[in-house]
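Chemist: Provided below are the primary sequence and the corresponding predicted coordinates.
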Amino acid sequence: MLGLLQSSHPGPAVAVSLVATLLAVAADQPPGTVALVGTAVASGQLTVGWGNDLVDVARDRATGRPDKPIARGLVPARLVAGATGIAAVACLVLSLALGWRAALAHLTCLVLAHAYNLGLKTGPWSWLPYAGAFGLLPAVATAAEPATRWPAWWAVAAGAALGVGAHLVNALPDLADDERTGVRGLPHRLGAARARVAAAVLLAAASVLATLGPGDPPAWAFAVLVAVALLSLVALRGAGRWPFRAAMAVALLDVVLLVASGA
C-alpha cells in the first residue's frame, strides 16, 4: 500500500487538490460544493500520478529511478492499473455532480494531463498541458453548481503562468535522465539555466496577476509578493525538488490572496 501511495505522486496531488479547494472557497461556493471540488480534483490527480508511473515504467527502470515503486518492483503494475481505473470512475462521477460546466473544465484538465503523460512531454509542446490544465483549474471551482460563473481572465492567465512555471522547474532534476530516454520537452530545449529564469519570471507574473487582478489589493498583499519573490529565488537557485516545491508554495499563496480578497 505504501508503494501504491508513492506511485500516486502524493505531493503534487495534495497541492493541486488543496489549490482547487481554496479556489472553491474563494468562489464563495457552499461547503458541500467545496468538499466536492476537492474530492473530484483529488481523484483526478490520482489517475494522473498513477498513469504517469505506468506509462514511464520502462524509462524509470532504464534510469534506475529510486523514487518509482513500480519500476523497483515494490508494487505490481496491475494493482496500480486497477487503482487508476477505480479513481477514474470516482472522478467522473464526482465531476458530473459539480454540473456539466465544471465537469467539462475538469475533464479537459485531465485529458491534457494524460496527453502529457502519453507523449506530449517528449516534444516542444510539453508546456501546453500545464498551461491548459492550470489555466482551467479555476473554472472547476467557479463553474460548479450552484454558484455557476466563469473565472476572470486574469485568474486563467495566472493559472496558466503557474502551470508552465511548475513544468519548467519540475523537469530540472531529471533533465539528463530524460534526454537519455528520448524526452525532449520545452525545459530540455531551453536548458537548465534558461528554464530556471523563465520559471522564476512566470511564477512572479502569476502572483502579480493574483494580487492586482481583483483590484484594490490590501497592504499585506504586497508582503505576500515579497514571499513570492523569495520563493521565485528558490526556483531560480534551488537544487533537487526544491524549485518545484517552491512553485507549489507560490500557487498556494496566490490562492490565499484570492480567498482573502473575496475575488
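Modeler: That came through, no problem.
Chemist: residues contacting R189?
Modeler: With contact taken as C-beta atoms under 8 Å, 6 or more residues apart in numbering, R189 is in contact with P124. Using the backbone N, CA and C atoms, a C-beta is placed for each residue, glycine as well.
Chemist: for it, helix, strand, or coil?
Modeler: helix (DSSP: H, G, I helix; E, B strand; the rest coil).
Chemist: what's the pLDDT at it?
Modeler: Predicted confidence (pLDDT) for R189: 94.
Chemist: just the helices from this structure, written as ranges.
Modeler: 2-7, 10-26, 31-55, 57-63, 69-72, 77-97, 100-118, 127-142, 153-171, 175-180, 186-190, 192-212, 219-237, 242-261 (DSSP state H).
Chemist: got the buried residues for the shortest one?
Modeler: If you call a residue buried by 16 or more other C-beta atoms under 10 Å, then helix 69-72 has these buried ones: P69, I70, A71.
Chemist: turn the residues you listed into CSV, including pLDDT and distance to A15.
Modeler: Converted to CSV, those look like this (pLDDT from 0 to 100; distance: C-beta to C-beta, whole Å):
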residue, pLDDT, distance to A15
P69, 90, 20
I70, 91, 22
A71, 88, 23
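Chemist: ok, the residue nearest to A81 when sequence neighbours are not counted - contacts?
Modeler: Spatially, and ignoring its direct neighbours in sequence, A81 is nearest to L54 (6.2 Å; C-beta to C-beta, 6 or more residues apart in numbering). L54 sits next to I70, A77, V80, A81, T84 when contact means C-beta under 8 Å, 6+ apart.
Chemist: list buried residues within those residues.
Modeler: Buried among those (16+ other C-beta under 10 Å): I70, V80, T84.
Chemist: could you redo those residues as CSV and give each row distance to A176?
Modeler: Formatted as CSV, the buried ones among the contacts of L54 follow (distance: C-beta to C-beta, whole Å):
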residue, distance to A176
I70, 21
V80, 26
T84, 29
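Chemist: skip the chain neighbours and tell me the closest residue to Q29.
Modeler: Q29's closest residue in space is A147 (C-beta to C-beta, 6+ apart), at 5.4 Å.
Chemist: my read: A26 touches L257, true?
Modeler: No: under the criterion of C-beta atoms under 8 Å, A26 is not in contact with L257, lying 9.0 Å apart.
Chemist: pick the one among the buried ones among the contacts of L54 closest to A13.
Modeler: Lowest distance from A13 to the buried ones among the contacts of L54 (C-beta to C-beta) belongs to T84, with 12.7 Å.
Chemist: thought the closest one was touching G49?
Modeler: No: when contacts are counted by C-beta under 8 Å, T84 is not listed as touching G49 (9.0 Å).
Chemist: around the closest residue to L110 other than its chain neighbours, count how many other residues there are.
Modeler: Leaving out its chain neighbours, the residue that sits closest to L110 by C-beta to C-beta, 6+ apart is G44, at 5.0 Å. By other C-beta atoms under 10 Å, the residues close to G44 number 29.
Chemist: and P243, by the same measure?
Modeler: So P243, with other C-beta under 10 Å, has 28 neighbours.
Chemist: that one and A157, how far apart?
Modeler: The gap separating P243 from A157 is 22 Å, by C-beta to C-beta, to the nearest Å.
Chemist: what of L172?
Modeler: 24 Å.
Chemist: how about stretch 54-62, which residues are buried there?
Modeler: Judged by neighbour count (16+ other C-beta under 10 Å), stretch 54-62 contains these buried residues: L54, V55, D56, V57, R59, D60.
Chemist: how about stretch 98-114?
Modeler: Quick answer for stretch 98-114 (16+ other C-beta under 10 Å): 98, 101-107, 109-110, 112-114.
Chemist: which among the contacts of L54 gets closest to A35?
Modeler: Nearest member of the contacts of L54 to A35, counting by C-beta to C-beta, is T84, at 22.9 Å.
Chemist: which residues touch the closest one?
Modeler: Counting by C-beta under 8 Å, 6+ apart, T84 touches L46, T47, W50, G51, L54.
Chemist: any chance of those residues in a markdown table, plus distance to P31 and pLDDT?
Modeler: As requested, the contacts of T84 are exported to a markdown table (distance: C-beta to C-beta, whole Å; pLDDT from 0 to 100):
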| residue | distance to P31 | pLDDT |
| --- | --- | --- |
| L46 | 23 | 97 |
| T47 | 25 | 98 |
| W50 | 29 | 96 |
| G51 | 31 | 95 |
| L54 | 35 | 95 |
